[in-house]
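1. Build me a model:
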Amino acid sequence: MAETKTSTYTQAPPLPSSTVALLINNFVLNTSRFLNSFVKSADEKLAGVSSKISNVETMMTILEAKLASVPDVDPGTSTSADASASASASAPAPASSTPQQEQGTNESDIAAPAAEAETAIVPAADPNQIAVSQHPDYSAFFKQLKVGAPLPAVQMKVAAAGLDPSMLEMEPDTMIPYDGGGEEEGEAE
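-> As a prediction, this is how the structure comes out:
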């Protein structure tokens, strides 16, 4: 039976060349229409994604500019100590005091909160360790988190800077090794 089918095909007349050309042209036309519509759809979607990415980049630039305009606020200092120091510096001295006493009082009032602020910022336990939020490589990123930037967005910025994004998941006062310069090498203990 198999021999009959092969002999049938060999004995059948060929299709006219106009029919073959019509079928091939139809196939090429349908395929090119499909590919053109696919490319158009993909191009529109990519343009939408590109627009969204540029919006995110613009928002991140604005956020970074806002963060840069915020004065550095150290987490260890209290605003009440600063307010009392400025109040004591601007308050008039009693009339019976001499200028030397007045000057000495103001300097000691101002120096005491400053010394407290320095000890609150930098712990003296180990000079080779620093709080992760105060590390020069990570402090700007912790400021972004403090202002309210989403953690995943800030982690992408950290990764783009060539740093370890998992450091942002630590508590800000976690101590990490610090060699005094360059990038951070070790993990927190």
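2. could you show me where the strands are in this structure, in order?
-> Counting by DSSP state E, the chain has strands at residues 129-131, 175-177.
3. do you know which of those lies nearest Ser17?
-> strand 175-177 (78.7 Å; CB to CB). Every C-beta, even on glycine, is put in place using the N, C-alpha and C of the backbone.
4. Sheet-wise, list the partners of the closest one with their directions.
-> Strand 175-177 has these partner strands in its sheet, going by DSSP bridges: strand 129-131 (antiparallel).
5. Against Leu22, how distant is the closest residue to Val56 other than its chain neighbours?
-> Of all residues not flanking Val56 in the chain, Ala153 sits nearest, at 7.8 Å (CB to CB, 6 or more residues apart in numbering). As judged by CB to CB, to the nearest Å, Ala153 and Leu22 stand 57 Å apart.
6. again, but for Pro16
-> 9 Å.
7. Just name the most buried of the strands of the chain.
-> Among the strands of the chain, strand 129-131 has the highest mean neighbour count (mean count of other CB atoms under 10 Å), at a mean of 20.
8. rewinding a little: looking at Ala153 and Leu22, which one has more neighbours?
-> Ala153 (15 against 11; other CB atoms under 10 Å).
9. Poorly predicted segments of this structure, please.
-> 1-7, 73-125, 181-189 (pLDDT under 70).
10. that older thread, distance to Tyr138 added to the strands of the chain, as a markdown table?
-> Shown next, in a markdown table, are these (distance: least, CB to CB, whole Å):
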| stretch | distance to Tyr138 |
| --- | --- |
| strand 129-131 | 10 |
| strand 175-177 | 9 |
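11. mind checking which of those strands is nearest Ala47?
-> Closest among these, using CB to CB: strand 175-177, at 43.1 Å.
12. Quick check: longest helix in the protein by residues?
-> helix 17-69 (DSSP state H).
13. which strands and helices sit next to that helix?
-> helix 139-147, helix 151-160 (3 or more CB pairs under 8 Å, 6 or more residues apart in numbering; DSSP states H and E).
14. most neighbours per residue, which of those?
-> helix 139-147 (a mean of 17).
15. residues making contact with it?
-> 63-64, 66-67, 70, 132-133, 151, 154, 157-158, 168, 172 (CB atoms under 8 Å, 6 or more residues apart in numbering).
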